[in-house]
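Novice: Sequence first, then the predicted structure, then my questions.
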Amino acid sequence: MSRKVPLERTRNIGIMAHIDAGKTTTTERILYYTGVNYKMGEVHDGAATMDWMEQEQERGITITSAATTCFWKDHRINIIDTPGHVDFTIEVERSLRVLDGAIGIFCAVAGVEPQSETVWRQADKYRVPRIAFVNKMDRVGADYERVLRMMRSRLGANPVPLQLPIGSEDGFVGVVDLLAQKAIYWNDESLGAVFEEREIPANMMEAVESGRERVVEAVADFDEALTAKYLDGEPISADHLRKALREATLRLQIVPTLCGAAFKNKGVQTLLDAIVNFLPSPLDVPPVEGLKPGTEESIQRKADDNAPFSALAFKLMSDKHVGHLTYIRVYSGHVHSGEAVVNANHGRKERIGRLLQMHANKREEIEDAYAGDIVAVVGLKAVATGETLCDAKNPIILEMLQFPVPVLSIAIEPKTQADMDRLSQSLHRLAQEDPSFRCAVDAETGQTIISGMGELHLEIIADRLVREFNVRANVGKPQVAYKETITKSVRVEGRYIKQTGGSGDYGVVVLEVAPRASGSGFSFEDGTRGGVVPREFISAVRQGCEEATQSGVLAGYPVVDVLARLVDGQAHDVDSSERSFKIAASIGMKEALEKGASVLLEPVMDVEVVVPEEFVGGIQGDLNSRRGQITGFESRGNAQVITAQVPLASMFGYVNSLRSLTQGRGTYTMQFQRYARVPDEVAENIVYH
């Protein structure tokens with residue numbers, strides 16, 4: 001069966017933003033206007049199509065990225081709606097890895113918020129072309145120009161407004177299209193499905209002329225023919241402008257920006273037009289690069305149905321109706337249900353059971369998947385997130401995803417023996433689905449410890465254990481993922497020498513151990529000359545050093561930001577072995593941690609609190625009492641925004657304090673910023689308790 005929609009008319013896009021900017025509401029409107037849904041689901045009613053999990057419907061937030069497909073003007077648009085809460089940033093990361101373009105949604109009142117910055121940086125990392133949609137133009141305090149200024153200053157973006165709003169706040173009725181130079185008004189009675197083009201209001205003519213001039217100037221830098229016309233004073237057609245805008249967008253030089261009010265059904269059709277006009281097809285992005293298995297040889301795969309098959313597994317999910325689902329993005333070639341492929345990361349054969357076109361948690365069975373498609377596969381047995389599926393005769397390993405390190409842990413205990421049997425299996429399934437979630441058994445206490453990105457993340461995990469896996473468990477208090485490091489350089493000798501009559505052990509290493517910059521992790525260097533430690537034992541020395549950093553000398557937390565340099569050593573012709581050098585290195589490293597003035601490190605969070613003016617003093621005092629450092633104040637409409645850096649250990653249960661201090665009117669967001677040294681008096685309590 002051949003493909004239904006040509007590759008050049010395919011768009012793979014993500015919708016990303018800060019929590020509560022209107023991502024899911026905008027997606028619901030897109031599905032309504034493209035005919036996928038016959039009615040609009042509302043987030044606040046718990047009826048949004050894309051928020052299908054019970055936990056999402058109860059909380060009114062997106063937790064897991066959901067995929068769907070719709071059609072607009074003969075184009076197929078595959079959409080992934082991503083979460084805005086920082087605890088679920090892995091969902092944004094893996095979605096952006098497989099998407100070709102993205103829509104950044106910004107609240108017209110709040111502007112560029114902390115998680116907006118985070119997802120924007122993630123999109124920068126994967127070089128994803130974007131358009132922007134300034135939502136909630138109907139809200140009190142909406143300020144389009146202010147959002148554009150914030151995009152420039154906070155994101156380093158180059159937004160080019162293609163529309164101007166007609167009216168503001170509750171008087172917002174439509175937009176002026178600066179390319180076509182027409183005013184667009186939406187009909188409220190038809191739920192925005194009907195809109196009409198009119199002449200531009202007379203009082204806006206001057207603003208429209210200067211606005212179009214700004215668009216022309218913005219793209220003239222990237223199009224020589226357009227520049228020549230502009231300098232000669234010739235008229236520039238809307239089509240010529242669109243073409244130049246598209247080229248500049250694909251090269252990440254500009255961000256076409258539109259405005260509207262998705263909840264009031266205004267601006268969504270023009271947003272769909274912009275997706276088609278400005279965002280890339282799979283043919284517009286560079287060929288995907290990977291490695292030939294077992295080598296460092298780089299190879300490419302073009303987006304072509306006739307090329308060898310390659311796809312990346314970017315998300316795993318359990319579905320109670322069809323079982324284990326693996327979401328894949330097909331980069332090249334095509335695959336048929338029932339076909340055999342290979343997992344290039346492990347060289348294992350897999351069989352594509354069934355192929356499903358997903359619409360949130362609903363599905364439609366299909367026979368084939370082609371280059372550019374995002375589909376779910378049933379029947380894969382041993383494929384993890386980030387692994388590559390490909391043609392066995394033309395293997396390729398695509399770049400793996402990078403996952404954030406968990407910052408919060410809690411102990412979890414099953415209530416009954418039956419729950420105990422199910423708990424480890426269920427946690428393993430959840431860890432497979434979500435690589436930012438980890439579970440392990442504490443060797444000393446025997447407790448099961450689960451770790452994640454924040455309180456909400458772990459709360460959702462515990463809730464899913466009960467509802468989806470029928471496991472009842474007692475959950476302990478959150479524990480911070482502390483780490484240890486050293487503060488001074490030391491030189492140590494590690495000796496492991498045992499002569500027992502037969503073959504003995506002989507390993508001596510001299511190490512220089514020094515602190516590294518924050519966030520740089522553990523590093524090992526071989527600084528020996530003349531082979532004092534035989535080459536075949538160097539990796540054993542490294543392993544010994546690395547293993548010693550798994551448990552620090554202060555409180556047993558992992559050791560980070562340390563350089564171990566092997567500078568000297570001794571070997572024995574008969575008794576030396578990998579084992580003896582590994583143990584010698586471990587002994588030396590432990591001594592270095594003892595002598596290196598080890599200190600405790602804790603995760604520090606960027607916190608943003610939005611409160612009415614009258615509560616600022618109380619919030620400021622409360623943050624200070626939590627060892628927080630206030631970093632800024634900003635007015636946002638009729639509210640004040642307080643930014644601070646606060647240790648995660650002081651932020652547990654903050655939502656309840658904030659509600660009581662602000663009569664329920666304050667909100668906050670928090671995201672990991674860095675690891676910092678714990679003050680000595682606080683560290684003593686942690687170490688000795």
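Specialist: Great, that's in hand.

Novice: who does residue 257 bridge with?
Specialist: Per DSSP bridges, the residues bridged to residue 257 are residue 132, residue 161.

Novice: three-state assignment of residue 503?
Specialist: Classification of residue 503 by DSSP: H, G, I helix; E, B strand; the rest coil places it in coil.

Novice: Contacts only, for it.
Specialist: By CB atoms under 8 Å, 6 or more residues apart in numbering, the contact list for residue 503 reads 574, 575. Where C-beta positions appear, they are placed from N, C-alpha and C, glycine not excepted.

Novice: Check residue 659 too.
Specialist: residue 666.

Novice: Please apply the same query to residue 406.
Specialist: So residue 406 contacts 436, 437, 438, 451, 452, 453, 481 (CB under 8 Å, 6+ apart).

Novice: Just the buried ones among these, please.
Specialist: 436, 437, 438, 451, 452, 453, 481 (16 or more other CB atoms under 10 Å).

Novice: Put together a markdown table for those, with distance to residue 650 and secondary structure on each row.
Specialist: Supplementary listing: the buried ones among the contacts of residue 406 in a markdown table, determined by distance: CB to CB, whole Å; DSSP: H, G, I helix; E, B strand; the rest coil:
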| residue | distance to residue 650 | secondary structure |
| --- | --- | --- |
| 436 | 22 | coil |
| 437 | 23 | coil |
| 438 | 23 | strand |
| 451 | 19 | strand |
| 452 | 18 | strand |
| 453 | 17 | coil |
| 481 | 15 | coil |
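
Novice: In the residues you listed, which has the lowest confidence score?
Specialist: Scanning those for pLDDT, the low point is residue 453. It has 75.

Novice: Next up, the contacts around the residue nearest to residue 377 when sequence neighbours are not counted.
Specialist: In this structure, residue 377 finds its nearest non-sequential neighbour in residue 326, 4.8 Å apart by CB to CB, 6 or more residues apart in numbering. By CB under 8 Å, 6+ apart, the contact list for residue 326 reads 313, 315, 316, 376, 377, 380, 383.

Novice: any idea which element residue 326 lies in?
Specialist: Using DSSP states H and E, residue 326 sits within strand 323-332.

Novice: average model confidence for stretch 661-669?
Specialist: Mean predicted lDDT for stretch 661-669 stands at 76.

Novice: Stretch 111-120 too?
Specialist: 78.

Novice: ok, the contacts of residue 326 vs residue 24, which is closest?
Specialist: residue 315 (17.7 Å; CB to CB).

Novice: so what's the residue nearest to residue 377 scoring on pLDDT?
Specialist: pLDDT at residue 326 comes out at 84.

Novice: now do residue 587
Specialist: So residue 587 comes in at 93 (pLDDT).

Novice: Select from the contacts of residue 326 every entry located in strands.
Specialist: Within these, residues falling in strands by DSSP state E are 313, 315, 316, 376, 377.

Novice: Just send these back as TSV, with pLDDT, distance to residue 573 and neighbour count too.
Specialist: As requested, the ones in strands among the contacts of residue 326 are exported to TSV (pLDDT from 0 to 100; distance: CB to CB, whole Å; neighbours: other CB atoms under 10 Å):
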residue	pLDDT	distance to residue 573	neighbour count
313	86	49	25
315	79	54	26
316	79	51	21
376	86	59	22
377	88	56	25
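
Novice: I'd like to know how many residues surround residue 514.
Specialist: By other CB atoms under 10 Å, the residues close to residue 514 number 18.

Novice: What's the separation between the nearest residue to residue 611 once chain neighbours are set aside and residue 33?
Specialist: Once flanking residues are discounted, residue 611 sits nearest to residue 666: 4.1 Å by CB to CB, 6+ apart. In this view, residue 666 and residue 33 are 36 Å apart by CB to CB, to the nearest Å.

Novice: Go through the helix or strand where residue 30 lies and flag the buried ones.
Specialist: Element membership for residue 30 (DSSP H and E) is helix 23-33. Of all the residues in helix 23-33, those buried under the rule 16+ other CB under 10 Å are 23, 24, 25, 26, 27, 28, 29, 30, 31, 32, 33.

Novice: Using the three-state scheme, assign the residue positioned nearest the centre of the chain.
Specialist: By CA atoms, centre = their mean, the chain has its centre lying nearest to residue 93, at 2.7 Å. Three-state call for residue 93 (three-state DSSP): helix.

Novice: To what extent is the nearest residue to it once chain neighbours are set aside buried, counted in neighbours?
Specialist: Of all residues not flanking residue 93 in the chain, residue 122 sits nearest, at 5.7 Å (CB to CB, 6+ apart). When neighbours are defined as other CB under 10 Å, residue 122 has 20 of them.

Novice: Can you list the low-confidence ranges for the stretch 501-650 of the chain?
Specialist: Applying pLDDT under 70 to the stretch 501-650 of the chain picks out residues 501-502, 530, 636-638.

Novice: just to revisit the earlier point, could you single out the nearest of the contacts of residue 326 to residue 171?
Specialist: Nearest to residue 171 out of those is residue 315 (CB to CB; 42.4 Å).

Novice: Each with direction, which strands does the strand holding residue 326 pair with?
Specialist: Paired neighbours of strand 323-332 in the sheet (DSSP bridges): strand 310-319 (antiparallel), strand 374-378 (antiparallel).

Novice: any chance of those strands in TSV, with distance to residue 103 too?
Specialist: TSV is the format used below for those (distance: least, CB to CB, whole Å):
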stretch	distance to residue 103
strand 310-319	19
strand 374-378	16
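
Novice: Residue 551 is nearest to which of those?
Specialist: strand 310-319 (30.8 Å).

Novice: Where does pLDDT dip in the stretch 251-400 of the chain?
Specialist: 319-322, 360-362.

Novice: just checking, residue 372 touches residue 333?
Specialist: No: using CB atoms under 8 Å, residue 372 makes no contact with residue 333, being 10.9 Å away.

Novice: Neighbour count: the two, which is higher?
Specialist: residue 372 (27 against 23).

Novice: ok, the more buried one to residue 4 distance?
Specialist: Residue 372 is 12 Å from residue 4, by CB to CB.

Novice: ok so, going back, okay, buried residues for the strand holding residue 326 please.
Specialist: 324, 325, 326, 327, 328, 329, 330, 331, 332.

Novice: Likewise for stretch 6-22?
Specialist: 7, 10-22.

Novice: Likewise for stretch 549-563?
Specialist: Under 16+ other CB under 10 Å, the buried positions of stretch 549-563 are 549, 551, 552, 553, 554, 557, 558, 559, 560, 561, 562, 563.

Novice: Please apply the same query to stretch 650-661.
Specialist: Buried, per 16+ other CB under 10 Å, within stretch 650-661: 650, 651, 652, 654, 657, 658, 661.

Novice: right, and the secondary structure at the last one would be what?
Specialist: Per three-state DSSP, the secondary structure class of residue 661 is helix.

Novice: okay but it is in contact with residue 616, surely?
Specialist: No: if you go by CB under 8 Å, residue 661 and residue 616 don't touch, sitting 10.4 Å apart.

Novice: quick one, helices of the stretch 301-450 of the chain?
Specialist: Under the criterion DSSP state H, counting those that start in this stretch, helices of the stretch 301-450 of the chain are mapped to 417-433.

Novice: repeat for the stretch 51-200 of the chain
Specialist: Under the criterion DSSP H, counting those that start in this stretch, the stretch 51-200 of the chain contains helices at 54-59, 89-98, 114-125, 144-155.

Novice: about what we covered before: and the buried ones among the contacts of residue 406 as CSV, adding distance to residue 586?
Specialist: Output for these, formatted as CSV (distance: CB to CB, whole Å):
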residue, distance to residue 586
436, 30
437, 30
438, 24
451, 25
452, 30
453, 31
481, 23
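
Novice: ok, so of those, who is nearest residue 144?
Specialist: Among the buried ones among the contacts of residue 406, and counting by CB to CB, the member closest to residue 144 is residue 453, at 32.9 Å.
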